[in-house]
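Trainee: structure of the sequence below:
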Amino acid sequence: MRVLFLMAGMLLYLVSDAQDLNGIWRGSLTQEPGGCFPVYKLEIQLISSGTNVEGYAFDYYDKTRFVKHHFKGTYNATDKKLILKEDQLLEVQIPYDCVVCTKTYELVYTKEQTRDALSGSWTGVEAESKRPCPAGKITLFKEFQPDFPTSLTDSSQLVNQQSLLKVKQRTTELVQTLVLDSPTIKIDLYDNAEIDNDTVTIFLNDRLLLYQQRLTNQALSVTVKAVAGEVYELIMYADNLGSIPPNTALMTVSSGRDKYEVRLSASDKKNAAVRFRVRERARN
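Mentor: Alright, predicted model coming up:
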């Protein structure tokens, strides 16, 4: 019996110690003398699946001076070590006398007071010459909102992101079908009960609308333009279950004279879906 209790305790520890790396991480990236700026901001938008991770990195001085890379990497849950390697240069907005560094990150997950943190070092080479860049340190904290619009809407990455999020591995329950008055549709999402740190990812016809956004009493709002007569399906994917499972949301849909309230519930086994179409007579 003591062995059983010990094994149960170890299992509980392992479950409670498991870390969710998915989401937005933001902080600072320093560079040794010889770089363009001594300190940059860094934001990474990350999706993990087991030991594999990928996403987008923005190192920037401000929102008008930045470099955007795609990266892939691995996570070792035992030592909480994350290794990321930038493999695609996607966008460059920097002064003419600066150079782009393609970087490798070596980061370790910790919990600093109540905040999740990633910290460590980076090395890199100049994107064109392949000469070594002055290296530096990285400190990141998990955030709810990105400084840059989430790049996970890129169509070339969508199928892979859905696979990493395990969207297709869950059943999808159709909650309601709506017929709407206007092609201009406003969708608002709120936490449906006690605010307990539920986060959701929202797809519309396989297009990513919202990525890992926290539900609160303040609306998460999106406005879409629909084509009259076409059928649309909105899917809510639960990134977590909050502290009070399952993940529940109140969705309001406003379209011309129509306004609907729909209650959605998702779990680690089930997505929630709403279908809608705009009446053929509707005009922009």
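Trainee: next, count neighbours for the spatially closest residue to Arg170 that is not a sequence neighbour.
Mentor: Spatial nearest neighbour of Arg170, excluding adjacent residues (Cβ to Cβ, 6 or more residues apart in numbering): Asn271 at 5.1 Å. C-beta here means a position set from N, CA and C on the backbone, and glycine is covered the same way. Asn271 has 24 neighbours, counted by other Cβ atoms under 10 Å.
Trainee: cool, and Arg257?
Mentor: Arg257: 8 neighbours (other Cβ under 10 Å).
Trainee: can you give me the helices in the stretch 101-250 of the chain?
Mentor: 155-165 (DSSP state H, counting those that start in this stretch).
Trainee: pull out the buried residues from the helix or strand where the residue nearest to Arg170 lies.
Mentor: Per DSSP states H and E, Asn271 falls inside strand 270-278. For strand 270-278, burial by neighbour count (16 or more other Cβ atoms under 10 Å) applies to 270-274, 276-278.
Trainee: which among these gets closest to Leu178?
Mentor: Phe276 (4.0 Å; Cβ to Cβ).
Trainee: quick one, what contacts the nearest residue to that closest one once chain neighbours are set aside?
Mentor: Closest residue to Phe276 apart from its sequence neighbours, by Cβ to Cβ, 6+ apart: Leu178 at 4.0 Å. Leu178 sits next to 253, 258, 260, 262, 274-277 when contact means Cβ atoms under 8 Å, 6 or more residues apart in numbering.
Trainee: the stretch 151-284 of the chain: strands as residue ranges?
Mentor: For the stretch 151-284 of the chain, applying DSSP state E, counting those that start in this stretch gives strands covering 171-180, 184-191, 199-204, 207-214, 220-225, 231-238, 247-255, 258-266, 270-278.
Trainee: tell me what the fifth one is packed against?
Mentor: Contact partners of strand 220-225 among helices and strands, from 3 or more Cβ pairs under 8 Å, 6 or more residues apart in numbering; DSSP states H and E: strand 184-191, strand 207-214.
Trainee: mind checking which of those is nearest Lys137?
Mentor: strand 207-214 (26.1 Å).
Trainee: partners of the closest one, with directions?
Mentor: strand 199-204 (antiparallel) (DSSP bridges).
Trainee: what comes up buried for the strand it pairs with?
Mentor: Residues 199-204 are the ones in strand 199-204 that count as buried (16+ other Cβ under 10 Å).
Trainee: for stretch 25-44, what is the average pLDDT?
Mentor: In this model, stretch 25-44 carries a mean pLDDT of 88.
Trainee: repeat that for stretch 63-75.
Mentor: Regarding stretch 63-75, the rounded mean pLDDT is 89.
Trainee: centre of the chain to that stretch, how far?
Mentor: 14 Å (Cα atoms, centre = their mean, to the nearest Å).
Trainee: flag every buried residue along it.
Mentor: Using 16+ other Cβ under 10 Å as the test for burial, stretch 63-75 gives 65-71, 73, 75.
Trainee: likewise for stretch 229-246?
Mentor: 232, 234-242, 246.
Trainee: now swap in stretch 45-52 and tell me
Mentor: Result for stretch 45-52 [16+ other Cβ under 10 Å]: buried residues 45-49.
Trainee: what's the closest of the buried residues of strand 270-278 to Pro95?
Mentor: Asn271 (45.1 Å).
Trainee: that closest one: what's it in contact with?
Mentor: 167, 170-173, 235-238.
Trainee: of the buried residues of stretch 229-246, closest to Tyr61?
Mentor: Asp239 (30.7 Å).
Trainee: chain neighbours aside, what residue packs nearest to that closest one?
Mentor: Asp239 sits nearest to Thr199 (Cβ to Cβ, 6+ apart), 4.3 Å away.
Trainee: got a pLDDT number for that neighbour?
Mentor: Per-residue confidence (pLDDT) for Thr199: 83.
Trainee: that one pairs with what?
Mentor: Beta-bridge partners, per DSSP bridges, of Thr199: Arg214.
Trainee: one more: Lys41?
Mentor: Ser28, Tyr60.
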